[in-house]
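*Asks:* Whatever this is, show me its structure:
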Amino acid sequence: MLSNTIEIYTDGACSGNPGPGGYGIVMKYKAQRKEFSHGFRLTTNNRMELLSVIIALENIKKECCDVIVYSDSKYVLDSINLGWVYNWQKKGFKDKANPDLWKRFLLIDKKHSVKFIWVKGHASNKENNRCDEIAVMASKSAHLLIDEGYEAIKKFKG
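*Replies:* Numbering: from 1, shown residues only. Next up is the predicted model:
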């Protein structure tokens, strides 16, 4: 890894799907290390996985950084690495889940040179395990946020 590369580890958690959920992030740059997490009262695991990537990228202060994102989410990584999200964008995200988050991702993704790498969840990756731990803790917090995008869609669909 290049010394100027930002390493990001992300994970999402949900108790029930949908249910209370949270995301966990570990960001590393040179000697610096930061953790982020938050919980939501009603969401899905895929939304938390995707939101963790978005929040991490949004927390990078400079533009045009080299970034490696490590995630155990096939949903997120395949959607990006196989180019599905770019096809969904061309079709206006018709009949696709989480369009609000994918649109937000596409805005921030362009600001950096990002490589996405899959890691096996609940295995030997210390930072991924830490992300899982803080995501689960966040989902059990007494101060859960409202996942506006999810709850608005759920309300609309009845």
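*Asks:* which residues of this structure fall in strands?
*Replies:* Under the criterion DSSP state E, the chain carries strands at the ranges 6-14, 19-29, 32-43, 66-71, 113-118.
*Asks:* Looking at those, which is nearest to Gly149?
*Replies:* Evaluated over the strands of the chain, closeness to Gly149 peaks at strand 32-43, with 8.9 Å, by CB to CB. (C-beta placed from N, C-alpha, C; glycine too.)
*Asks:* Output the strands of the chain in a markdown table, with mean neighbour count, distance to Ala152 and mean pLDDT appended to each entry.
*Replies:* Putting the strands of the chain into a markdown table (neighbours: other CB atoms under 10 Å; distance: least, CB to CB, whole Å; pLDDT from 0 to 100) gives the following:
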| stretch | mean neighbour count | distance to Ala152 | mean pLDDT |
| --- | --- | --- | --- |
| strand 6-14 | 26 | 18 | 97 |
| strand 19-29 | 23 | 16 | 98 |
| strand 32-43 | 18 | 11 | 97 |
| strand 66-71 | 20 | 25 | 97 |
| strand 113-118 | 15 | 28 | 96 |
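*Asks:* which one of these lies closest to Trp88?
*Replies:* Trp88 sits nearest to strand 113-118 of all the strands of the chain, at 16.4 Å, using CB to CB.
*Asks:* and the angle for the closest one with strand 6-14?
*Replies:* Relative orientation of strand 113-118 versus strand 6-14 (axes from the mean of the first three to the mean of the last three CA atoms, to 10 degrees): 50 degrees.
*Asks:* Export strand 113-118 to CSV, keeping only CA atoms.
*Replies:* C-alpha atoms of strand 113-118 as CSV (Å, rounded to 0.1, in the frame of the first residue of the first chain):
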residue,chain,number,x,y,z
SER,A,113,-9.6,7.4,-7.0
VAL,A,114,-11.2,4.5,-5.2
LYS,A,115,-10.4,0.8,-5.3
PHE,A,116,-12.9,-1.5,-3.7
ILE,A,117,-11.7,-4.8,-2.2
TRP,A,118,-13.9,-7.6,-0.8
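*Asks:* next one: that strand to chain centre, how far?
*Replies:* Using CA atoms, centre = their mean, to the nearest Å, the mean C-alpha position of strand 113-118 is found 12 Å from that of the whole chain.
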